[in-house]
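Chemist: Predicted model and sequence below, questions to follow.
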Amino acid sequence: MGDGLRTIRVVSHDDSLIASVKNAAQALEGWESATHATVDELLAAPPVAGDVILLDAWMRGGNVYETCRKLAGKTRCRTYVVVDHQNTIAEPIARFCGATGTLKRPLAPSKLRAALDATGGPRPNLPQEARGTDKSAALPERLLTDLAGKRDESLVSAATDPETSLFNYAFLNFKLDEEFKRAKRFGTPLSVVMLGFEGAADPSVLKELAAIFLETSRDTDVLGRFDENTFLFFLPHTGLDGAGVMARRVGEMAAQRGLSDLVGDALQISVGIATFPCADIQRREDLFARARNALLQARQKGGGVVALS
């Protein structure tokens with residue numbers, strides 16, 4: 001490629017999309033375009049940091065969202081999924097699978113420039129008011145359904161908790177490994193939040209708690225049920241302060257809504273938080289153990305939030 005130029009790399013067989021990317025790149029100073037038939041071809045000569053990858057949602061030979069997951073951690077590039085203009089659900093699914101976001105057809109130079117400008121630097125820390133502002137957040141069950149392209153009962157049942165529709169322990173174990181590797185590779189913060197209450201609660205209360213979790217989270221956060229009365233969250237690109245904001249909001253909203261256990265007592269919520277990077281955290285097990293220890297400390301104090309850096 002040309003000296004000093006960054007490259008917009010499109011993975012597609014669609015001539016119209018390829019042509020529009022080429023035209024857009026020519027209109028953007030400092031950019032050029034390249035076309036790849038498959039992701040394997042793209043990775044054969046790995047893109048350099050600063051390049052941008054466009055994945056055609058119509059790509060042949062596989063699911064584009066699974067392709068996003070395949071690319072996660074293998075490049076230092078922003079990745080977008082190019083979707084139809086009327087597609088309203090692709091953005092959260094793409095981000096869930098590791099992409100930067102989506103772009104919609106037709107791909108005009110102005111749209112591409114806006115996307116490049118909007119994501120041109122390191123991802124900033126999440127401000128307090130950013131959590132919970134998107135009320136369209138989908139339950140994991142819906143994300144998995146959309147990811148499969150249809151409702152796949154085996155996929156949903158294998159990865160979600162039937163009472164809350166949050167992710168289950170098996171999926172959480174997989175995601176902790178994935179998120180920790182990504183955070184370690186790119187040097188980005190990752191917070192693990194472990195939240196629990198004493199006793200047991202009615203299924204309707206558990207559903208209400210799950211709704212509160214969604215209202216206080218982002219679409220990139222991973223929300224799951226650890227056991228009967230404990231939940232586990234992974235918050236990428238989030239430090240102790242951001243995780244603490246979420247945890248306190250959960251407690252406040254549970255109190256405001258009068259949530260109670262099976263004997264009628266108000267839910268006494270305890271939260272433990274641990275964040276990577278930290279000198280004492282070298283493995284994913286260390287991160288989980290610190291969050292668990294923080295939760296136990298919070299319970300011994302009678303509830304509230306304990307955070308360990």
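Modeler: Yep, it's here.
Chemist: and the nearest residue to residue 94 once chain neighbours are set aside, what pLDDT?
Modeler: In this structure, residue 94 finds its nearest non-sequential neighbour in residue 81, 4.5 Å apart by Cβ to Cβ, 6 or more residues apart in numbering. (C-beta placed from N, C-alpha, C; glycine too.) Note for residue 81: predicted pLDDT of 91.
Chemist: ditto for residue 275
Modeler: Reported pLDDT for residue 275: 96.
Chemist: Report the contact partners of the residue of the chain most remote from its centre.
Modeler: The C-alpha centroid of the chain is most remote from residue 263, which lies 35.9 Å away (Cα atoms, centre = their mean). The neighbourhood of residue 263, defined by Cβ atoms under 8 Å, 6 or more residues apart in numbering, consists of residue 199.
Chemist: Please tell me how far it sits from residue 29.
Modeler: 67 Å (Cβ to Cβ, to the nearest Å).
Chemist: and the residue farthest from the centre of the chain, how far is that from residue 207?
Modeler: Taking Cβ to Cβ as the measure, residue 263 and residue 207 are separated by 19 Å.
Chemist: Show me what secondary structure element comes after the helix or strand that contains residue 184.
Modeler: According to DSSP states H and E, residue 184 maps onto helix 169-186. Following helix 169-186 in sequence order, the next helix or strand is strand 190-197 (DSSP H and E).
Chemist: residues of whichever helix or strand comes after that following strand that come out buried?
Modeler: Under the assignment DSSP H and E, the closest C-terminal helix or strand after strand 190-197 is helix 203-215. Residues of helix 203-215 classed as buried: 205, 206, 208, 209, 210, 211, 212, 213, 214, 215 (neighbour count, 16 or more other Cβ atoms under 10 Å).
Chemist: Could you export stretch 97-110 as PDB, CA atoms only?
Modeler: Taking C-alpha atoms only, stretch 97-110 is exported to PDB below (Å, rounded to 0.1, in the frame of the first residue of the first chain):
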ATOM      1  CA  CYS A  97     -19.200  -9.800  19.400                       C
ATOM      2  CA  GLY A  98     -16.200  -7.400  19.500                       C
ATOM      3  CA  ALA A  99     -16.800  -5.000  16.700                       C
ATOM      4  CA  THR A 100     -16.500  -1.200  17.000                       C
ATOM      5  CA  GLY A 101     -20.000  -0.800  15.600                       C
ATOM      6  CA  THR A 102     -21.900  -0.800  12.300                       C
ATOM      7  CA  LEU A 103     -22.100   1.200   9.100                       C
ATOM      8  CA  LYS A 104     -25.200   1.200   6.900                       C
ATOM      9  CA  ARG A 105     -25.600   0.900   3.100                       C
ATOM     10  CA  PRO A 106     -25.100   2.900   1.000                       C
ATOM     11  CA  LEU A 107     -21.700   3.800   2.300                       C
ATOM     12  CA  ALA A 108     -21.100   7.400   1.400                       C
ATOM     13  CA  PRO A 109     -17.700   9.100   2.200                       C
ATOM     14  CA  SER A 110     -19.400  11.400   4.700                       C
END
